[in-house]
Structure formats: structure tokens, C-alpha cells
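Colleague: Mind looking at a prediction? Sequence and model below.
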Amino acid sequence: FNYTLAVAGFAQLLKGAIYTGQWQYQESIDLAINNKGADQFGYRSEFIQLVRTVDELQ
């Protein structure tokens, strides 16, 4: 559930949502890393790298 929250928070930041409060890309990264779980095909790690890239570009 927490990993999904990281993805949803990231999506809201991309949309420029006004309801994210102080949520930043780093919160999505930290939550995803701490709740990555089994990542058989590397998709979750790839998502984390994507958020890092967007954070650097902002």
C-alpha cells in the first residue's frame, strides 16, 4: 500500500495538484525505497530512478 502511495503522490506532483501540501519528489522516493518489496522485473527500481530524474530536472 505504501509503495502505491509513493506512485500516487508522484502522479499528483506531475499534475501540479494543489492538495499535495508539502509533499515533494523526495518523499515519493523515500517511501518507494522503504516499501519496494520484491522487485522481480526491476519495475519498482525503475520507477524510483524516474522520480529521481524528474526531481533533478525540476
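Modeller: Sure thing, it's come through.
Colleague: Now do the SS call for the residue located most distally from the centre of the chain.
Modeller: In the chain, the residue that sits farthest from the middle, by CA atoms, centre = their mean, is Gln40; the gap is 18.5 Å. With DSSP: H, G, I helix; E, B strand; the rest coil as the basis, Gln40 sits in coil.
Colleague: Which positions in stretch 1-9 come out as buried?
Modeller: Across stretch 1-9, burial judged by 16 or more other CB atoms under 10 Å covers Tyr3, Ala6, Gly9. C-betas here are computed from N, CA, C, even on glycine.
Colleague: would you turn these into TSV with secondary structure, distance to Gln49 and pLDDT?
Modeller: Listed next are the buried residues of stretch 1-9 as TSV, based on DSSP: H, G, I helix; E, B strand; the rest coil; distance: CB to CB, whole Å; pLDDT from 0 to 100:
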residue	secondary structure	distance to Gln49	pLDDT
Tyr3	helix	15	96
Ala6	helix	13	97
Gly9	helix	16	95
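Colleague: What's the local residue count around the closest residue to Gln58 other than its chain neighbours?
Modeller: Nearest residue to Gln58, sequence neighbours excluded (CB to CB, 6 or more residues apart in numbering): Tyr25, at 7.0 Å. Neighbour count for Tyr25, taken as other CB atoms under 10 Å: 19.
Colleague: So Tyr25 sits against Leu14, correct?
Modeller: No. Tyr25 lies out of contact with Leu14 (CB atoms under 8 Å); the separation is 9.6 Å.
Colleague: tell me, what's touching the two both at once?
Modeller: Common contacts of Tyr25 and Leu14 (CB atoms under 8 Å, 6 or more residues apart in numbering): Val54.
Colleague: residue nearest the centroid of this protein?
Modeller: With distances taken as CA atoms, centre = their mean, the residue of the chain nearest its centroid is Ser28 (3.4 Å).
Colleague: ok, it - contacts?
Modeller: Ala6, Val7, Gly9, Phe10, Leu13, Val51.
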